[in-house]
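1. Sequence and predicted structure below; questions after.
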Amino acid sequence: MPPDGLIGQALPRVEDERLLRGAGRYVDDIHPEGCLEAAFLRSPFAHARVTNVDLSEAVRAPGVVAAFDGAQAAALAGPLVFDMARIVPEPVRRSVDPLVRVQPMPSLATDRVTFVGQPVAMVVAESRYLAEDALQLIDVEYEDLPVVVDPERALEPDAPLLEPEWEDNVAIAFNFRKGDPDAAFAAAHATVEERFRSHRYMAAPIETRGVVAAVDPFDGRLTVWASSQTPHLLRDFLAGALGYAPDRLRVVAPDVGGGFGMKGSIYPEDLLVPMAARELGRPVKWIEDRAEDLASSTHGREQVHRIALAADADGRILALRDDIVHNAGAFTTLGLVVPYNSLTHLLGPYDIEAVDVRMRVALTNTGVTAPFRGAGRPETVFAVERAMDRLARELGMDPAELRERNMVRPEQMPYATGLVYRDGADQVYDSGDYPGLLRKARELVDAEELLAQSSEERRIGVGYAAYTEGTGVGPFESARVSVEPGGKVIVRYGGASQGQGHRTTLAQIAADALGVRFEDVEVRGGDSGELAQGFGTIASRTLVLAGNAIVEAATEVRERAKRIAAEMLEISPDDLELAEGAFSPKGSPGTKLPLGDVAGFLSPFNPARPKGESADLAAGSIYRPSTVTYAAGVHAVVVAVDVATGMVELLRYAVAHDCGRVVNPTIADGQIAGGVMQGIGGALYEELVYDDAGQLVTGSFLDYLLPTASEAPELRLAHLDVPSPLNPLGVKGLGEGGAIGPPAAIANAVEDALHELGVVVREGPLGPSRVRELIREAVKAGHGKVNTVGS
Amino acid sequence: MKPAPFAYHAPDQLDEVLALLGDQDHEVRLLAGGQSLVPMMNFRLAAPEVLVDLRRVESLRQLRHSGDGTLAIGAGVRQSALLREPVVTDGWPLLSEGARHIGHPQVRSRGTVCGSLAHHDPTAELPALAVALDARMVLASASGTRERSADEFFVSYYTVALEPGEMLLEVRFPRCPAAAGWSFKEVARRRGDFALVGVAALVEAGDDGTVSRARLVFCGVAERPFRALDAEQAVVSGASFEEAGRLVSEAVRPMGSIHASAEYRRECAGELAARALSEAWERATGG
Ligand SMILES: Cc1cc2nc3c(=O)[nH]c(=O)nc-3n(C[C@H](O)[C@H](O)[C@H](O)COP(=O)(O)OP(=O)(O)OC[C@H]3O[C@@H](n4cnc5c(N)ncnc54)[C@H](O)[C@@H]3O)c2cc1C
């Protein structure tokens, strides 16, 4: 769509100049005078009883100010209780009748540890070096308990129990059924059934987590700087856990170097660092190191799908069955969020009448899994989109053609899937052109000429992945727009940026809605001291929710300003126009009353100010969406596989995407490109591997392999934007979409490249050793023949 | 990820380095580029009591090309010099090409050639290159210097033939036969990662147009650089490069890791051998 005012313009990010100069202010840049530093002793065992923690030597070590064990921490701050995770909206209950069990999480382990990396003790010292020296003097006695790492094993009747009081390891379970899947499978022309596994990987943001806490000796107020996506939720949590009135506690998320969902959870350190600052009366800092991040911050993915599709001879899919096991790790901190997303995105862009899904979420002795860019969607898309390719192969159809035949058509919009979304509303796709996205992706990837270069040794294949994404979930976001007497506009919002460019996009929205210049708008977020209410930046929601809240607040400010300006100019408000920050009577653009003068007119120092008007030209708004909007995308990729070495090369990657109305194309493209790179990481490089004893084998960047610029393919992007009818801006969320497609699309392309050998890809990442293993197995099973030197 | 306490010295004379290194009462380690040692210290996998930094010792930073054609690389010379110095890129192109596979520019411009050799990660490129190119290692301690061949120097994983108090003073590469064709092939998970398998190949063509001499040395397939003698011999006796590759696959007994199974390394070593031999042969014969 052509730009409409500032919206749609590729304005440069206002954030960049400061960040590129190195003038960013991240949590670790904040070091109040007298600040102490904390370090954590973490469990080296996946499952053990803790029989004794001896801190006596550590507290006497040089520079140590205090040390805490689980019992002390419990007495001072109690466990972490995730109340929000327990909430199940009534319509969800009626639709799938879920079991949801949420355990409290001890801030420091008391009697048991249940995963490697779980914090057991905290030392606070004059420096991090001294704190880490003292950790080595802590003596902990552990008694081994049996370990379970594999989620399917955890569901077996004789599996070791994570929670001794539970009868099994099932944290969450639900079923969904619509239509008559049994009849459809019985009558089908073709069926396929496979087991696909979405492996565990994680956000690994460039800035790890971090917390600084300081009590102001003047008034006892506590300020916490945290690398968080949800500072307001953290404030509310800390207020409860530490017994502060919310107004005596301020949480600030300053510059944050990436979150991707990982910083949307609340962690033990978030509670322990402020607790220590309060107890010791000195500021305390903790910056997570990379080893801690890999072991102890939340992980993503890890689901096993036993999925089946039934189709008629024309390739119409008649039914889908899926039996899903999701690995929660040692705790479920967010309840239904991820597993339920996997259900509500399983059908994706496809119109499938009969569905039968079972979901079981198992506790295991591994790190906690929680939302990570896509949050349940990449997992489910991997299974469905792989199954689509298996079905296409079975039917002898082109996989893109099979997809197109089954897609919800634009004229079916709004389209009800028959499911209930996590927010309790019926799942109804608001708008979109899925076949159009597929056509666009095919056109962009332009596979034919590349496929023609395929040879026996270097086989080339193409793969697709299509998905929908519910974005902009409630319950609310807040915003406040105020005009300062000088004419400057300040926009406060309840979210927090981790690099998404909110200061740019939200300013574009505010400037347009208010009628002021872009340069005159300053956006402030991530600070509970700036705005009392807020929810945070998770789930591709900020543009949709904060954006529309800003429109509402700005509209109210504009209307009030117009009324006052009309009084000042003694004409009717209907005869006034506001543009570029100044009112003019219609038809006489030469006469200008700057908005700042209107704000100034309200000053209490002005004897002529109108009676009964408040002194500030400002308005707040809380935007509560009716439900989510549905973004969608189709990814297409061409790969080359070196048959003898198993190396996969991405020759070209294309994304056709619908995020509703695009506010800033540069930022939108950047979001998709970044997401695609994280997806490529999952598809080819990144995996968190636990051994049978529950040891994390990939505990550093030596073994946990993030893609770098060297691994980036040629990327072609197109937006096919169908505005959402659900909100005034017409926007949909876009932060996560890029990361949803790559694992499925790349696996499909690799399988396509190797199909003559009979290779079936069931899990990633597709490193060369795994690819060779697939080829060897296929050749051994007699599916194909290949000559290589080594075999 | 903070190191345990240590004492730090950065002397500017070699004899001071050697004197400090000779201290029998403390665990003393040399600090060269720090690209392996510092991460190990941050993980507290290494906790030396004394660090002796080589960076101020001017005499160690020399890369000398002597009259007899030998290239001598001092303990202070960075890996990036192998890619930058014309005497290396022209005279020892195999060494340059192999070094290109070490990490990224940031790593190579800190990491030293001798540090990599002394550290001896069995997947590292330089130990295999040193064996392939018949390098001589000059070892020095407070009581004098001695020389060892590269083949004698590398013992096993992270173990080399250095005595306590001894350092690798320099590595000497004899003149590389001008007629030799060369190739370096490697597979790694990502660009710049340690090799899953890598191979350095050298071949010379005889007057009769057949292979007169071949050299194949691998990293990543054994506890030290692995020289495929059978395959070398076979190639000289007229075997095809594919046959040589098969012999390599039969000969190697690699270990598996999460990034590559033993089976993968075994078959890949053979494949890379065949590819490297044919590329080297093309270079040798100007093909
Ligand atoms: C991100 C990254 C990627 C890397 N990728 C690769 C790769 O692909 N291939 C590869 O080969 N390497 C790689 N490395 C390692 C790199 O090459 C190191 O530089 C090298 O292994 C050690 O050299 P250094 O000079 O840094 O030694 P240091 O780290 O300073 O020392 C290493 C060890 O050798 C000892 N030592 C150093 N110099 C001497 C000497 N002259 N005599 C005796 N002992 C000595 C030290 O005491 C220490 O025990 C990588 C490193 C990083 C950080």
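-> Happy to help now that I have it.

2. and residue B:248, helix, strand or coil?
-> helix (DSSP: H, G, I helix; E, B strand; the rest coil).

3. Return the residues in contact with it.
-> Neighbour list for residue B:248: B:216, B:218, B:228, B:231, B:269, B:270, B:273 [criterion: CB atoms under 8 Å, 6 or more residues apart in numbering or on different chains]. Bear in mind the C-beta positions are built from the backbone N, C-alpha and C, glycine included.

4. would the last one count as being in a strand?
-> No. Counting by three-state DSSP, residue B:273 is not found in a strand; it is helix.

5. For the residue in chain B positioned nearest to chain A, grab the count of nearby residues.
-> Closest to chain A within chain B is residue B:267: 2.6 Å, counting by CB to the nearest CB. Residue B:267 has 26 neighbours, counted by other CB atoms under 10 Å in any protein chain shown.

6. Grab the longest helix from chain A for me.
-> Secondary structure of chain A per DSSP state H: the longest helix is helix A:542-569.

7. what's the helix or strand just after it packed up against?
-> Next in sequence after helix A:542-569, counting helices and strands by DSSP states H and E, comes strand A:576-579. The contact analysis (3 or more CB pairs under 8 Å, 6 or more residues apart in numbering or on different chains; DSSP states H and E) places strand A:576-579 against helix A:542-569, strand A:582-585.

8. List the contacts of whichever residue of the stretch 301-450 of chain A sits closest to chain B.
-> With CB to the nearest CB as the measure, residue A:366 is the residue of the stretch 301-450 of chain A nearest to chain B, at 15.7 Å. Contacts of residue A:366 were listed using CB under 8 Å, 6+ apart, and they are A:46, A:115, A:149, A:200, A:299, A:327, A:329, A:330, A:690, A:694.

9. if we can go back for a sec, so which of the contacts of residue B:248 would you say is closest to residue B:258?
-> Using CB to CB, residue B:269 is the member of these that sits closest to residue B:258, with 18.6 Å.

10. coming back round to it: what comes up buried for the longest helix of chain A?
-> A:542-558, A:560-562, A:564-566, A:569 (16 or more other CB atoms under 10 Å in any protein chain shown).

11. Against which helices or strands is it packed?
-> Helix A:542-569 packs on strand A:477-483, strand A:489-493, helix A:502-514, strand A:576-579, strand A:582-585, strand A:593-594, helix A:595-601, strand A:617-623, going by 3+ CB pairs under 8 Å, 6+ apart.

12. what kind of secondary structure is residue A:443 in?
-> Three-state secondary structure (criterion: three-state DSSP) places residue A:443 in helix.

13. Helices of chain B, start to end?
-> B:14-21, B:37-42, B:80-84, B:86-91, B:93-99, B:105-108, B:113-119, B:125-132, B:150-153, B:229-236, B:241-251, B:262-284.

14. quick one: low-confidence ranges for chain A?
-> A:1-4, A:783-791 (pLDDT under 70).

15. What are the structural domain limits within it?
-> A:300-473+A:627-780, A:474-623 (automatic domain parsing).

16. So what would you say the end-to-end distance of the shortest one is?
-> With CA to CA, to the nearest Å as the measure, the first residue of domain A:474-623 is 9 Å from its last.

17. can you list the residues of the stretch 101-250 of chain B near chain A?
-> B:187, B:189, B:190, B:191, B:192, B:193, B:196, B:242, B:245, B:246, B:249 (CB under 8 Å from any CB of the partner chain).

18. Can you tell me which of the residues you listed are buried?
-> B:187, B:189, B:192, B:193, B:196, B:242, B:245, B:246, B:249.

19. And these, which is closest to residue A:529?
-> Taking CB to CB as the measure, residue A:529 lies nearest residue B:192 of those, at 43.7 Å.

20. hmm, back to that, look up how far the ligand lies from the residue of chain B closest to chain A.
-> Relative to the ligand, residue B:267 is positioned 21 Å away (CB to the nearest ligand atom, to the nearest Å).

21. That residue contacts residue B:246, correct?
-> No. At 9.8 Å, residue B:267 does not count as touching residue B:246 under the criterion of CB atoms under 8 Å.

22. residues in contact with residue A:178?
-> So residue A:178 contacts A:353, A:354, A:355, A:418, A:419 (CB under 8 Å, 6+ apart).

23. Mind giving me the PyMOL command for buried ones among these?
-> Remark: buried members of those, expressed as a PyMOL selection using 16+ other CB under 10 Å:
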select buried, chain A and resi 354+355+418+419
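
24. Can you tell me the SS state at the closest residue to residue A:347 other than its chain neighbours?
-> In space, and not counting its chain neighbours, residue A:347 is closest to residue A:417: 5.6 Å by CB to CB, 6 or more residues apart in numbering or on different chains. Look at residue A:417: counting by three-state DSSP, its state is strand.

25. Was I right to think residue A:417 contacts residue A:429?
-> Yes. Here residue A:417 reaches residue A:429: they are 7.3 Å apart, a contact under CB under 8 Å.

26. and chain A, which of its residues are near chain B?
-> So far as CB under 8 Å from any CB goes, chain A lies against chain B at A:128-129, A:132-133, A:136, A:289-291, A:644-647, A:685, A:689, A:697-698, A:700, A:702-703, A:705, A:707-708, A:710-711, A:767-769, A:772-773, A:776, A:788-791.

27. Out of these, which end up buried?
-> Among the residues of chain A next to chain B, those scoring as buried are A:128-129, A:132-133, A:289, A:291, A:644-647, A:685, A:689, A:698, A:700, A:703, A:705, A:707, A:711, A:767-769, A:772-773, A:776, A:788-791 (criterion: 16+ other CB under 10 Å).

28. so who does the residue nearest the centre of chain B touch?
-> Central residue of chain B (CA atoms, centre = their mean): residue B:126, 1.7 Å from the mean position. By CB under 8 Å, 6+ apart, the contact set of residue B:126 is B:79, B:98, B:99, B:102, B:113, B:116, B:117.

29. contacts with the ligand among those, please.
-> B:102, B:116 (CB under 6 Å from any ligand atom).

30. Arrange the contacts of residue B:126 in TSV, one row each, with neighbour count as further columns.
-> Below are the contacts of residue B:126 laid out as TSV (neighbours: other CB atoms under 10 Å in any protein chain shown):
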residue	neighbour count
B:79	27
B:98	29
B:99	25
B:102	23
B:113	30
B:116	25
B:117	23
